[in-house]
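*Asks:* next come a sequence and a model predicted from it.
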Amino acid sequence: MSVMEIIAGITGFMQFFVPGYVFMSCYDFASCSKREEHAHYLIIKSIAISFVFSLIVRLISTYVTLSDELLLVLDLLTAAVLGLIFGRLHRSKWVKAVANFLFKRGFANSEFAELWETALAEKHQAVCLLLSLKSDDNTYEGQLDTVISVNTNPKIFLTNYICTAPDGTVLCDYSNDPDYKMVIRYDDIKKFEFRYVPMAVEEAVIEFD
């Protein structure tokens with residue numbers, strides 16, 4: 001087998017792999033889902049999805065004459081756009097309602113991403129957290145500000161927060177200073193409570209009972 005034949009074989013394989021991989025990447029991004037970690041499952045899923053997109057593009061080509069290069073570009077664009085659309089649908093309220101009704105389960109992949117998105121959607125609500133960490137016995141109370149890296153060990157940003165020792169001593173109090181933010185890794189949290197509260201400029205921290 002010549003080098004050119006090997007290159008042609010690799011190119012053919014990539015055409016039946018890349019569109020599916022692009023779709024899965026866009027879907028995971030839009031739905032805040034964890035990426036597939038097992039290589040063999042990733043390859044099988046990517047090839048299966050790529051095959052479906054290839055059929056769709058070939059069907060389109062029967063009505064519109066396009067070059068092979070344009071068909072490949074159309075294949076990739078279709079995979080990316082549909083990945084983002086289906087990923088966003090995964091997060092929509094009506095899909096969650098249907099899932100709860102039919103399957104008695106939700107689609108939440110990250111509790112904090114779910115809380116944060118709900119608060120953003122409501123616009124007049126904030127999420128207040130009361131949590132403890134594995135590294136110490138202190139209690140941290142504050143308002144959920146941002147969630148990033150939702151696919152792998154999310155980072156949670158707390159603002160207007162208070163840190164209290166087990167004996168009730170206040171170690172630090174930034175409840176009226178939103179410029180200070182505390183960054184917490186999801187894996188470092190031992191337990192937490194949350195509460196949706198009306199958004200108010202003059203109130204930063206809500207007391208938990």
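*Replies:* Here it is on my side, so go on. Numbers count the residues shown, from 1 in each chain.
*Asks:* just name the shakiest helix or strand of this structure by mean pLDDT.
*Replies:* Ranking every helix and strand in the chain by mean pLDDT, DSSP states H and E puts helix 3-15 at the bottom, with a mean of 62.
*Asks:* following that helix, which helix or strand shows up next?
*Replies:* Sequence-wise, the next helix or strand downstream of helix 3-15 (DSSP states H and E) is helix 18-31.
*Asks:* give me the contacts around the very next helix or strand once past that following helix.
*Replies:* The first helix or strand that comes after helix 18-31 along the chain, using DSSP H and E, is helix 39-61. Applying CB atoms under 8 Å, 6 or more residues apart in numbering, the contact partners of helix 39-61 are 15-21, 23-24, 36, 66, 71, 74-75, 78-79. No exception for glycine: its C-beta is placed from N, CA and C like everyone else's.
*Asks:* now for Ile162, how many residues are close by?
*Replies:* As a burial measure, Ile162 scores 19 neighbours (other CB atoms under 10 Å).
*Asks:* surely it and Tyr174 touch.
*Replies:* Yes - using CB atoms under 8 Å, Ile162 is in contact with Tyr174, at 7.2 Å.
*Asks:* give me the common contacts of those two.
*Replies:* In contact with both Ile162 and Tyr174: Gly142, using CB under 8 Å, 6+ apart.
*Asks:* identify the residue spatially nearest to Leu144, adjacent ones excluded.
*Replies:* Val127 (4.0 Å; CB to CB, 6 or more residues apart in numbering).
*Asks:* OK, contacts around that neighbour?
*Replies:* By CB under 8 Å, 6+ apart, Val127 lies in contact with 115-116, 118-119, 143-144, 194-197.
*Asks:* about what we covered before: of the contacts of helix 39-61, buried ones?
*Replies:* If you count burial by 16 or more other CB atoms under 10 Å, the buried members of the contacts of helix 39-61 come out as 15-21, 23-24, 36, 71, 74-75, 78-79.
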